[in-house]
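Asker: Quick one: sequence and predicted model below, then my questions.
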Amino acid sequence: MIQRNYPNAWVVATISLLSLFVSGALRAERSDSAPPIKKGRPTAKVARISLDTLDTLDTLGPVGNGGRGMLRIGYLDRGSDLSYEGDSSEALLGRLRESLLGRGSFTEALDDAGYTGVALDRCKDTEQMIQRMSRGEFAVVFATAHVFMRQLDVEAELDVNGDGPNRGDPAAGGSYEPVLQFRLPGDVSNGKGVGRSGIVFIGPSSPLWNSESPSLEEISSALRSARPAIIAMSRLAETIVPLGELASEVGGLDMGAPVDCGDASSVVKHVISGMVDVGICDTAALDRWGTLERHGGEPVPLYKTVLRTEPTTPTDPILIDSRLFFGAGDRRLAAELVLGMSDFFNRYPRPAPGVWVDPASRSFFESWAKGERAVSAKPTSEESTAPRLPGASEARASSSTLPGL
């Protein structure tokens, strides 16, 4: 198995290169259905941390209370942590809206801030979401980590405190604060942020399946023109980072158009059934769905690992328009949004099994983008028992350095 800790700044720099990987992609194939998720323990302390966040943003400008209309929540229907098990994001957010409007303190704050209601506003893809975020169209955004990383670049160009076009106009919009982060089974949290591990793996149809010690050249040859099963190309921990690390190891990638499965369980099914040779998803999902349970015996892995990343890549954030942190009325609404969303996702019975939210901060995402290791905790789950691909690949993983660093 190839296993390396690459500087995260390089991974961010490769996003534009990896976009070339799918520039000629065919229309994605899709699989549905997934097994249920076991319940877990919700995270507390959201109220204290979110109120601390509010106290640090007094310099931001007001939105204005007159004629605001609906409070708009932007989201993607597929390819985010909201659709972890292949469920519709719109259905889940519909229940969130009902939950928020059922809280008297929230509706009072909504009315005081000048909003007439809550509207769900779906974006057709990540590009549209980024464009609309840059125009400040949403009060709340259920973004992917990849989208927020790109949004940070947009905000730098609009810098209200620097030389950007919004200089001196903090009410111009286009800036968002991460207030919550999704935490799925296997994710790692240490109070600074939530990180996730990704994995590249092969199934029985791969030419590498019977190889005991393949060389890097053999791995590269086997992956050439192979169509990888992925959740979505916009997934940071589950697609972009593993592909970036793999490309560095084998000296570049020349793979076929990806099969967009929409959720991790479908990725695993595509690979272990032999529909595709290789898959990329989060490590915990593969550990769960990629083994065969035998009565009275050890679970039998139905895959082999090519590369596993460290659990440091940020998970998807929930963002709030920075303008809602200015003024008593807006600050109250922002606090009610954070509390209401946290209560909804972390309550029992769970509205989205296997999905929690933890407090989030901008500094965690910024430090990751700069290459700092913001998540240092170890995963609670044990190392996977899946067979590895040892030999030359493992030797190189322990000795090589990243070109240009």
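Answerer: Cool, the structure landed. Residues are numbered from 1 along each chain as shown.

Asker: what ranges do the strands span in the stretch 101-250 of the chain?
Answerer: Secondary structure of the stretch 101-250 of the chain (DSSP state E, counting those that start in this stretch): strands at 115-123, 140-142, 176-183, 188-189, 194-196, 198-202, 229-230.

Asker: Show me what the second one is in contact with.
Answerer: For strand 140-142, contacts defined as Cβ atoms under 8 Å, 6 or more residues apart in numbering pick out 71-76, 80, 82, 89, 93, 129, 133, 176, 316, 318-321, 337. To be clear about C-beta, it is placed using only N, CA and C from the backbone, and glycine gets the same treatment.

Asker: returning to what we had before: just so I know, which of the strands of the stretch 101-250 of the chain lies nearest Ser221?
Answerer: strand 198-202 (13.0 Å; Cβ to Cβ).

Asker: Sort out which of the contacts of strand 140-142 are buried, if you could.
Answerer: Among the contacts of strand 140-142, those buried by neighbour count (16 or more other Cβ atoms under 10 Å) are 71-76, 80, 82, 89, 93, 129, 133, 176, 316, 318-321, 337.

Asker: what's the spacing between Leu246 and Ala156?
Answerer: Leu246 sits 29 Å away from Ala156, going by Cβ to Cβ, to the nearest Å.

Asker: and those two? which has more neighbours close in?
Answerer: Taking other Cβ atoms under 10 Å, Leu246 and Ala156 do not tie; Leu246 has more neighbours (25 against 10).

Asker: The more buried one against Val200, yeah?
Answerer: Yes: at 5.5 Å, Leu246 counts as touching Val200 under the criterion of Cβ atoms under 8 Å.

Asker: so which strand or helix has Val271?
Answerer: Following DSSP states H and E, one finds Val271 within helix 264-272.

Asker: Apologies, that question was intended for Leu307.
Answerer: strand 304-308.

Asker: Give the residue spans of the stretch 301-405 of the chain that score low on pLDDT.
Answerer: Scanning the stretch 301-405 of the chain for pLDDT under 70 picks out 372-405.

Asker: quick one: the helices in it?
Answerer: 328-346, 362-369, 392-399 (DSSP state H, counting those that start in this stretch).

Asker: now, of those, which is deepest in the fold?
Answerer: Most buried of the helices of the stretch 301-405 of the chain, by mean neighbour count (mean count of other Cβ atoms under 10 Å): helix 328-346, with a mean of 21.

Asker: Can you dump the C-alpha atoms of stretch 208-227 in PDB for me?
Answerer: Provided in PDB are the C-alpha atoms of stretch 208-227 (Å, rounded to 0.1, in the frame of the first residue of the first chain):
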ATOM      1  CA  LEU A 208      -3.400  -6.100  -9.900                       C
ATOM      2  CA  TRP A 209      -5.700  -8.400  -7.900                       C
ATOM      3  CA  ASN A 210      -3.400 -11.400  -8.000                       C
ATOM      4  CA  SER A 211      -0.200  -9.400  -7.800                       C
ATOM      5  CA  GLU A 212       1.800  -9.900  -4.600                       C
ATOM      6  CA  SER A 213       4.300  -7.100  -4.900                       C
ATOM      7  CA  PRO A 214       3.600  -4.800  -7.900                       C
ATOM      8  CA  SER A 215       6.000  -2.100  -8.900                       C
ATOM      9  CA  LEU A 216       5.000   1.500  -9.400                       C
ATOM     10  CA  GLU A 217       5.100   1.000 -13.100                       C
ATOM     11  CA  GLU A 218       2.700  -2.000 -12.900                       C
ATOM     12  CA  ILE A 219       0.300   0.000 -10.700                       C
ATOM     13  CA  SER A 220       0.400   2.900 -13.200                       C
ATOM     14  CA  SER A 221      -0.100   0.600 -16.100                       C
ATOM     15  CA  ALA A 222      -3.100  -1.100 -14.400                       C
ATOM     16  CA  LEU A 223      -4.700   2.200 -13.600                       C
ATOM     17  CA  ARG A 224      -4.200   3.600 -17.100                       C
ATOM     18  CA  SER A 225      -7.500   4.200 -18.800                       C
ATOM     19  CA  ALA A 226      -9.400   2.600 -15.900                       C
ATOM     20  CA  ARG A 227     -12.700   4.300 -15.000                       C
END
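
Asker: For it, give the mean pLDDT please.
Answerer: Rounded to a whole number, the mean pLDDT of stretch 208-227 is 88.
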